[in-house]
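Undergrad: Starting from these lines, generate the structure:
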Amino acid sequence: ELSSVLSFSASKDRLWERQNIDDDFLNLRVGAGQIPLIAERQFQQRSFKLEPDVLEDEMYDLAERPVWLKNAPIMLSLKEDYITGVLGFSKNSVGLLRNMVMQLVLTHSYDEVKLVLLAGTAYSKDFDFVRYLPHNWDNERSIRFFAVTHSDTLQISEYLSKEIEQMLDEDQRKRSKRDQ
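TA: Purely as a prediction, here's the structure:
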């Protein structure tokens with residue numbers, strides 16, 4: 001019904017967003033390629049036979065052979081690989097990074113993922129769209145996490161240092177309470 005579709009935006013449900021409790025939170029598709037099949041194959045163990053069984057031998061050959069999936073999505077987990085570098089020709093690297101940014105902002109809510117961009121002047125135009133994303137602001141919308149100049153970088157660095165210090169202090173207080 002149309003009314004239920006229109007009222008969805010006002011509800012608290014998150015149809016397309018990945019949350020930090022989801023297995024695929026911060027997972028991005030970075031390409032396609034060959035990956036090994038990750039599945040447990042079950043078959044009867046080889047046993048001694050007086051006469052060779054050609055069909056059984058073929059079954060064992062097939063079951064024991066490694067299987068590779070072609071054109072499978074290659075995923076990057078930013079949760080596991082939180083420090084990630086991109087190498088390659090500038091045009092390809094910028095394209096991949098723009099794709100990664102778009103995947104992040106389209107599948108993750110701005111209240112769960114913040115995007116900090118430190119770009120040199122040569123790349124600022126390639127990523128100018130980021131400055132308009134809600135993911136690029138702090139929660140109070142007072143600091144934009146987009147730096148091209150040295151002073152912008154210092155401002156973001158100071159803000160992040162304070163945030164990290166607060167998180168570490170809070171974590172230490174929780175540990176102290178738990179240990180008492």
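Undergrad: For Gln45, give its distance to Glu64.
TA: Applying CB to CB, to the nearest Å, one obtains 11 Å for the distance of Gln45 from Glu64. C-betas here are computed from N, CA, C, even on glycine.
Undergrad: who's more crowded, those two?
TA: Neighbours around Gln45 and Glu64, counted as other CB atoms under 10 Å, are more numerous at Glu64. The numbers are 10 against 5.
Undergrad: Would you check how far apart that one and Met102 are?
TA: Taken as CB to CB, the spacing of Glu64 relative to Met102 amounts to 42 Å.
Undergrad: can you check Gly88 too?
TA: On the measure of CB to CB, Gly88 and Met102 end up 18 Å apart.
Undergrad: more neighbours, those two?
TA: Under the criterion of other CB under 10 Å, the comparison of Gly88 against Met102 puts Met102 first, with 14 against 10.
Undergrad: Validate this expectation: that one resides in a helix.
TA: Yes. With DSSP: H, G, I helix; E, B strand; the rest coil as the criterion, Met102 is located in a helix.
Undergrad: per-residue confidence for it?
TA: The predicted structure scores Met102 at 93 on the pLDDT scale.
Undergrad: in the helix or strand containing Gln166, what's buried?
TA: The secondary structure element spanning Gln166 is helix 150-179 (assigned by DSSP states H and E). Buried positions in helix 150-179, judged by neighbour count with 16 or more other CB atoms under 10 Å: 152, 156.
Undergrad: ok, now stretch 115-128?
TA: Of the residues in stretch 115-128, those scored as buried under the neighbour-count criterion (16+ other CB under 10 Å) are 115, 117, 119, 123-124, 126-127.
Undergrad: Quickly note the distance from Lys177 to Asp171.
TA: To Asp171, Lys177 is 11 Å away according to CB to CB.
Undergrad: repeat for Asn27
TA: From Asn27 across to Asp171, the span is 25 Å (CB to CB).
Undergrad: who does the one helix or strand Ile74 maps to pair up with?
TA: Taking DSSP H and E as the criterion, the element that holds Ile74 is strand 68-77. The strands that strand 68-77 pairs with in its sheet are strand 27-36 (antiparallel) (by DSSP bridges).
Undergrad: per-residue confidence averaged over the helix or strand just after the strand it pairs with?
TA: Sequence-wise, the next helix or strand downstream of strand 27-36 (DSSP H and E) is helix 54-64. For helix 54-64, the mean per-residue pLDDT is 84.
Undergrad: Now do helix 54-64: everything it contacts.
TA: Helix 54-64 is contacted by residues 41, 43, 46, 49 when judged by CB atoms under 8 Å, 6 or more residues apart in numbering.
Undergrad: Let's see that with 6 Å instead.
TA: The list of residues contacting helix 54-64 from outside it, by CB atoms under 6 Å, 6 or more residues apart in numbering, reads 41, 43.
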